[in-house]
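A.B. asks: sharing a sequence plus its predicted fold:
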Amino acid sequence: MRWGAESNRMAIESLSDRATNHLCPTVRMGEPKVRGLLSQDVRRSARSSNAVNTKAIAAKQGEQMSESTSNSEMVYRTLGSTGERVSAIGLGGWHIGLKYVDEQLGIRIVRSAIDRGITFMDNSWDYNGGTSEIRMGKALRDGYRDKVFLMTKIDGRSKKEATRQLDESLQRLQVDCIDLVQHHEILRFEDPHRVFDPEGANAALIEAREAGKLRYIGFTGHKDPQIHLHMLEVAASYGFKFDAAQLPLNVMDAHYRSFGKLVVPELVKQDIGILGMKSMANGILLRSNTVTPIECLHYALNLPTSVVVTGIDSMEILDQAFEAVRTFQPMNDEQVRSLLAKTAEAASRGEFEPFKTSSIFDSTAQNLDWLGEEPQRIQQLMPT
């Protein structure tokens, strides 16, 4: 979805009545900053096995849930090594900008979620041609910005394009600083190399962090766990450690090209905040008629996730998210096996995870100009 004339008009109108600038808040929801919640024995347990649902991790997740309950309807977990306390459920930004969700409803969803205790806000520069960020920016006026941990994503692989997109996101969101900015859709094996090129996007984000425009840096992807692992390897070769990583974690993933089995243990090992997404894959998983929405959310919450980002396009779906938190209890190995047995056959070929097996979720593949140009020294390697 391109940033067209209508979206530009919306952005200009939004900025014309822009509220007071907001810096990144340091205190939210009265939650304490508790560092290193995952103990060393849990990290060792994750390293010793490719199975994510170890008893130690499940027990630690149970401790997180029981120890983190506040006066709200939400529970809170720690975002990796950052020490930031964030809600176990995150509000997905894509849905609030969809055409069938009018602006008034989108803003109401965001503010109602915050009022009830959701503090983690997800978004992206490319969601709905900018509409999602614009609506969230409006929703975060009137003091709501100070109550949330705000995240967005950028698609640019070049330093120039990443800088442009980040500045645009800051304007749309009506803030001076974003808590977490993530490299979006790391789908190709060349993406990590482009991001970490001296003229690449990560250089832009580091400069922005030094300038106070953002606090933490992460990355997302949904195609293949090996690409996530490659991103971590390339980052390490440059002496860089991500603060967060976002990846599909659901009841189908465990059976097919599993991010949960391959990537999550490495994230736990490095104490990188784990942001689960696509717990229902925009409802596609539910078409298998094997599991319920609550079971999908419970499974993702049972993993060592800091946040489970879920799409919310109505007040009823917002209620569903809170019901999942209210009814969640850490699952033991037998319960996990029983739940996964329901999805084993349906999940075997990736049919209900089309973000892995098709291009329909790949917005950057459909809009290559969002990535920006390769550095001139790379382009010159191919004669014209």
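C.D. replies: Arrived safely.
A.B. asks: C-alpha from now on. contacts and neighbour counts both.
C.D. replies: Will do.
A.B. asks: name the helices or strands packed onto the one helix or strand residue 295 maps to?
C.D. replies: Counting by DSSP states H and E, the element that carries residue 295 is helix 293-302. The contact analysis (3 or more Cα pairs under 8 Å, 6 or more residues apart in numbering; DSSP states H and E) places helix 293-302 against strand 307-310, helix 315-327.
A.B. asks: the helix or strand just after the longest one - what's its average pLDDT?
C.D. replies: What it means is helix 315-327. As assigned by DSSP H and E, the chain's next helix or strand after helix 315-327 is helix 333-347. Helix 333-347 shows a mean pLDDT of 95.
A.B. asks: any idea how far helix 333-347 is from the chain center?
C.D. replies: Centroid separation between helix 333-347 and its chain, computed with Cα atoms, centre = their mean, to the nearest Å, is 25 Å.
A.B. asks: buried set for the very next helix or strand once past that helix?
C.D. replies: In the C-terminal direction, the helix or strand that comes right after helix 333-347 (DSSP H and E) is helix 354-357. Residues of helix 354-357 classed as buried by neighbour count (16 or more other Cα atoms under 10 Å): 354-356.
A.B. asks: equivalent analysis for stretch 82-96, please.
C.D. replies: Neighbour-count burial for stretch 82-96, counted by 16+ other Cα under 10 Å, picks out 82-96.
A.B. asks: ok, now which ones touch residue 194?
C.D. replies: By Cα atoms under 8 Å, 6 or more residues apart in numbering, the residues touching residue 194 are 157-158, 200-201, 374.
A.B. asks: from those residues, pick the one nearest residue 314.
C.D. replies: residue 157 (33.8 Å; Cα to Cα).
A.B. asks: what residues does the closest one make contact with?
C.D. replies: 191, 194-195, 200-201, 371-373.
A.B. asks: so what's residue 325 up against?
C.D. replies: Residue 325 touches 74-75, 89, 298, counting by Cα under 8 Å, 6+ apart.
A.B. asks: number of nearby residues for the closest residue to residue 93 other than its chain neighbours?
C.D. replies: Nearest non-adjacent residue to residue 93, counting by Cα to Cα, 6 or more residues apart in numbering: residue 123, 4.3 Å away. By other Cα atoms under 10 Å, 26 other residues sit near residue 123.
A.B. asks: so residue 123 sits in a helix?
C.D. replies: No. Looking at residue 123 with DSSP: H, G, I helix; E, B strand; the rest coil, it is coil, so not inside a helix.
A.B. asks: list the contacts of it.
C.D. replies: With Cα under 8 Å, 6+ apart, residue 123 has these contacts: 92-94, 132-133, 151-153.
A.B. asks: quick one: the helices in the stretch 51-200 of the chain, in order.
C.D. replies: Under the criterion DSSP state H, counting those that start in this stretch, helices of the stretch 51-200 of the chain are mapped to 55-67, 103-115, 131-139, 159-173, 191-196.
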